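A.B. asks: Fold the following for me, if possible:
(chains A and B)
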Amino acid sequence: MTIQVSELIDEQELKAAISTRSKRAVNGQQFAAQVMGLHSDLAPAVFAELRQAASDRLLSLTFPTTKDEDWKYTDVSILGEYTFADRDADMQVANALMSQHLVPEAIGNMIVFVNGEYSPELSDCSQIEEGLIVGTLATLDDRILPKLRSHLAQHPDATDYFASLNTASIADVAIILVPKNLVVTNPVQLMFITAPQLGQGRLITQPRCLVVAENHSNLTLVQSFVGVDNQAYVTNVVTEIWLAEGAQVNHTKVQWQGNESVHISTTAIAQARHSIYKNQSIGFGAKISRHNLMVQQMAEQTETILTGLAYTDGDQLTDTHSCIAHNYPYGSSQQLHKCIADGRSRTIFNGKIQVAKLAQQTDSAQLSRNLLLSGKARVDTKPQLEIFADNVKCAHGATISQLDADEIFYLQSRAIDAESATKLLTYAFAAEAIGRIPVLSVQRSLSQFVLEKTKMQ
Amino acid sequence: MIVENSEVILSVKDLTADVDGVQILKGLNLEIKAGEVHAIMGPNGSGKSTFSKILAGHPAYTVTGGEVIYKGQNLLELKPEVRAREGVFLAFQYPLEIPGVTNSDFLRLSYNNLRKHKGLEELDIIDFDDFIQDRLEIVEMNPSFLSRSVNEGFSGGEKKRNEILQMAILDPTLAILDETDSGLDIDALRIVAGGVNKLSTPDNASLVITHYQRLLNYIIPDFIHVMENGRIILTGDKNLALELEEKGYDWLKEEEAVLA
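C.D. replies: This next block holds a predicted model:
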């Protein structure tokens, strides 16, 4: 009987929650109109068609709510309460963030945006290898336009509400074009800093990145999103990466934005035959963050290796929705997604693996591992396999655990106090993911962060 | 070795303990003096491993009665890490793997915690590297082990050698070896036992917990205790091990039943 009563209460709570939600439902057209109106005067003519097409598409798209299966756990209706405005950059803060997060290996190969605008002062392209093109509309000449037209906003998976909003507002693009056969020695860093001066209205930035790696080229890319704490701002980024035949791209995305910010990100990958795409997506910051990571294998024998790591605390929420579409035979994918949830935070992982009927001999493995550091944190993880081919290998697994008392005891018995033991074991959980990042200085700063962040329970 | 008038390192009196409300230790008595090697043998489930974990301070066990005095202080009041710093060392039956943390960093953290406790300056990477070289020889370990993650991908023998390496670094007064011989081939057993023997001095003591007599051919005990149903029911010299090996533990149980 008692159980029934509590179930009734739950149901009432649920109904109340649903009704608050529907009251707060955001009008997608109004929201888009407000955001797109901010910079319409700055839009270069070259993007006019793309913007128009995306803006037309937005008319048929609704603002995501928790009633949508894909947004079930992630409520972004708070965005509807924001009034957006332009805000000048606090360059002192931006400089500090820049020096904290710049990757020494990428010096001379970095493009920096501050509050959504290209910063010629902070960017440094003095050591770009011959043939490699790194820049923005402002720094590059018209010779890039054909590549831009053939690839920008062409990815089929960058068409949902937020990605369309980004395209409909597009004003500039961070562009990397790697010519045929070029193996780029040093990593390239794209850094997006949000550091508004205090003032009225929220800042929204919508960075856009395009990477085209030509046949048999090789690129290591570090994409960093950083920003100040204690200010509510919004980032809505779209990154498209095109790998031509035999190309290899190793892409590290680090999201380290402020504790009151909302970060929405679409990363859309298209892989041609024999290409290899590796991604390490790290999410430590933001109050609400959502990453849509979409990979299309568009020819035979392509390889995709995705690694995710999130570490959340307080009332943070981080949501990763990934999709690897195996469309052709002999494709392979490996995915490891790790989340550490402390405080009252929530982590969500939805990993879709699609294997089309044609994609025979696909070899795919997915593992979601989660560490709960607090009794109030919550983890939702869901593998989603859609397999239409009959001769494939698709493994998937998910674990959710706490730090084991035996493990802490082992370290204590080696003279290490319980607090250091907790830190070390949490670090050890994260290390597998961090270790896959090809740039050592990034590995080090993330490791340091994990060790320092972990606190005694 | 048995040394006349040597200091009592460990004194356990009428120790009783529970895990999850089930009584495991039922009045255990044991005294260990400096210089001595003690072995505890006994069938599975007799409480041997529980006893070793209680001495090291595992939180899952609740002591319900009796006392444990270590070098004149109440051991049960000390946190596990303080026990370790005070010289109590437990070599685990199943050592933990810590991916992403190099053996060298782990050992240095452990050793520096001990040094801090003793009021000594912590060692940096270079000084620690010098310090550890001759310790590695004690367990015939290749220095390449130091740059690998703690116990990750180690064979059973390598893990146990790594335990003895940790013992060599922490230089304990009371070393407790919990089934250190389990899963070892004969070469690994020889190396592990050799390491323990090299570390044995008139000032420290060892407590070897084992199911089999085999290990005691290499680590010669001064006393053998037989544990059964949460208590030590018989104590003898090294020859007792041979008798147990031959007869098994059942005759003791029968004898105990008669005595009861």
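A.B. asks: The stretch 51-200 of chain B against chain A: which residues are in contact?
C.D. replies: Contact residues, the stretch 51-200 of chain B versus chain A (Cβ under 8 Å from any Cβ of the partner chain): B:56-60, B:79-81, B:83-85, B:89-90, B:92, B:95-96, B:98-101, B:106, B:109-111, B:113-114, B:117, B:166, B:170. Yep, even glycine has a C-beta here, placed from its N, CA and C like the rest.
A.B. asks: okay, which residue is most central for the chain?
C.D. replies: In the absence of a named chain, chain A is used. A:H291 (4.1 Å; Cα atoms, centre = their mean).
A.B. asks: sorry, should have said chain B
C.D. replies: By Cα atoms, centre = their mean, chain B has its centre lying nearest to B:I176, at 1.4 Å.
A.B. asks: Buried residues in stretch A:114-131, which are they?
C.D. replies: A:114-119, A:122-125, A:128-129 (16 or more other Cβ atoms under 10 Å in any protein chain shown).
A.B. asks: Now, these that are in strands?
C.D. replies: Among the buried residues of stretch A:114-131, the residues falling in strands (DSSP state E) are A:114, A:117-118.
A.B. asks: and of these, the nearest to B:A39?
C.D. replies: Distance to B:A39, by Cβ to Cβ, is smallest for A:V114 among these, at 69.7 Å.
A.B. asks: which residues does whichever residue of the stretch 51-200 of chain B sits closest to chain A contact?
C.D. replies: Per Cβ to the nearest Cβ, B:G100 is where the stretch 51-200 of chain B lies closest to chain A, at 2.1 Å. Each residue near B:G100 by Cβ atoms under 8 Å, 6 or more residues apart in numbering or on different chains is listed here: A:427-428, A:430-432, A:434-435, B:149.
A.B. asks: can you list the buried residues of stretch A:114-131 in a markdown table and add pLDDT and distance to A:Q257?
C.D. replies: Listed next are the buried residues of stretch A:114-131 as a markdown table, based on pLDDT from 0 to 100; distance: Cβ to Cβ, whole Å:
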| residue | pLDDT | distance to A:Q257 |
| --- | --- | --- |
| A:V114 | 97 | 13 |
| A:N115 | 95 | 13 |
| A:G116 | 93 | 13 |
| A:E117 | 94 | 17 |
| A:Y118 | 95 | 19 |
| A:S119 | 96 | 17 |
| A:L122 | 96 | 17 |
| A:S123 | 96 | 20 |
| A:D124 | 96 | 22 |
| A:C125 | 95 | 24 |
| A:I128 | 96 | 27 |
| A:E129 | 95 | 30 |
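A.B. asks: hmm, which two among the residues you listed are most spread apart?
C.D. replies: With Cβ to Cβ as the measure, no two of those lie farther apart than A:N115 and A:E129, at 29.2 Å.
A.B. asks: show me where the chain has helices.
C.D. replies: Reading this off chain A. For chain A, the helices defined by DSSP state H cover A:2-23, A:28-37, A:48-58, A:91-101, A:145-151, A:161-168, A:405-412, A:418-434, A:440-453.
A.B. asks: wrong one, chain B
C.D. replies: For chain B, the helices defined by DSSP H occupy B:48-56, B:80-85, B:103-117, B:125-138, B:156-170, B:186-199, B:239-247, B:250-259.
A.B. asks: So for A:Q384, what's the nearest residue that isn't a sequence neighbour?
C.D. replies: Nearest in space to A:Q384, with sequence neighbours left out and distances taken as Cβ to Cβ, 6 or more residues apart in numbering or on different chains, is A:K352 at 4.3 Å.
A.B. asks: Name the stretch among the helices of chain A that sits most buried.
C.D. replies: Of all the helices of chain A, helix A:161-168 has the most neighbours on average by mean count of other Cβ atoms under 10 Å in any protein chain shown, namely a mean of 24.
A.B. asks: Just the mean pLDDT for that helix, thanks.
C.D. replies: Model confidence over helix A:161-168, given as mean pLDDT, is 96.
A.B. asks: ok and that helix relative to helix A:48-58, angle-wise?
C.D. replies: Angle of helix A:161-168 versus helix A:48-58, following axes from the mean of the first three to the mean of the last three Cα atoms, to 10 degrees, is 150 degrees.
A.B. asks: Look up which residues are beta-bridged to the residue nearest to A:C209 when sequence neighbours are not counted.
C.D. replies: Closest residue in space to A:C209, ignoring its immediate chain neighbours: A:T239 at 4.1 Å, by Cβ to Cβ, 6+ apart. Under DSSP bridges, the beta-bridge partners of A:T239 are A:C209, A:T267.
A.B. asks: Neighbours of A:T239, how many?
C.D. replies: Using other Cβ atoms under 10 Å in any protein chain shown, A:T239 is surrounded by 24 other residues.
A.B. asks: Touching, it and A:A268? I think so.
C.D. replies: Yes - look at A:T239 against A:A268 with Cβ atoms under 8 Å: they come within range, at 7.1 Å.
A.B. asks: Common neighbours of these two, please.
C.D. replies: Common neighbours of A:T239 and A:A268, counting by Cβ under 8 Å, 6+ apart, are absent.
A.B. asks: Please identify the residue of chain A positioned nearest to chain B.
C.D. replies: A:A431 (2.1 Å).
A.B. asks: can I assume that residue is in contact with B:V101?
C.D. replies: Yes - A:A431 is in contact with B:V101 according to Cβ under 8 Å; the separation is 7.1 Å.
A.B. asks: quick one, what contacts residue 197?
C.D. replies: Reading this off chain A. A:87-90.
A.B. asks: Switch to chain B, please.
C.D. replies: B:218-219.
A.B. asks: so how far is B:I164 from it?
C.D. replies: For B:N197, the distance to B:I164 equals 10 Å [Cβ to Cβ, to the nearest Å].
A.B. asks: follow-up on the earlier one: so in terms of bridging, what pairs with the residue nearest to the centre of chain B?
C.D. replies: Here B:I176 sits in beta bridges with B:L90, B:L207, as judged by DSSP bridges.
A.B. asks: Correct me if wrong: it contacts B:L55.
C.D. replies: Yes - counting by Cβ under 8 Å, B:L55 is a contact partner of B:I176 at 5.9 Å.
A.B. asks: Find residues that contact each of these two.
C.D. replies: With Cβ under 8 Å, 6+ apart, B:I176 and B:L55 have common neighbours B:88, B:90, B:207.
A.B. asks: what about the first one, neighbour count?
C.D. replies: I take that to be B:V88. B:V88: 26 surrounding residues under other Cβ under 10 Å.
A.B. asks: my read: it touches B:T173, true?
C.D. replies: Yes - B:V88 is within contact range of B:T173, at 7.4 Å (criterion: Cβ under 8 Å).
A.B. asks: Would you mind confirming that A:N236 makes contact with A:S164?
C.D. replies: No - applying Cβ under 8 Å as the test, A:N236 and A:S164 come out as separate, 10.4 Å apart.
A.B. asks: Tell me if I'm right that A:L440 and A:P104 touch.
C.D. replies: No - using Cβ under 8 Å, A:L440 makes no contact with A:P104, being 9.2 Å away.
A.B. asks: which ones are touching the residue nearest to the centre of chain A?
C.D. replies: Residues near A:H291 by Cβ under 8 Å, 6+ apart: A:253, A:255, A:265, A:267, A:281, A:283, A:318-322.
A.B. asks: In strands, which of those appear?
C.D. replies: Short answer: these in strands (DSSP E) are A:253, A:255, A:265, A:267, A:281, A:283, A:318-322.
A.B. asks: Please identify which of those is nearest to A:A153.
C.D. replies: A:T267 (14.1 Å).
A.B. asks: Now do the same for B:I98: its pLDDT.
C.D. replies: Looking at B:I98, its pLDDT is 87.
A.B. asks: again with B:K247
C.D. replies: pLDDT, B:K247: 81.
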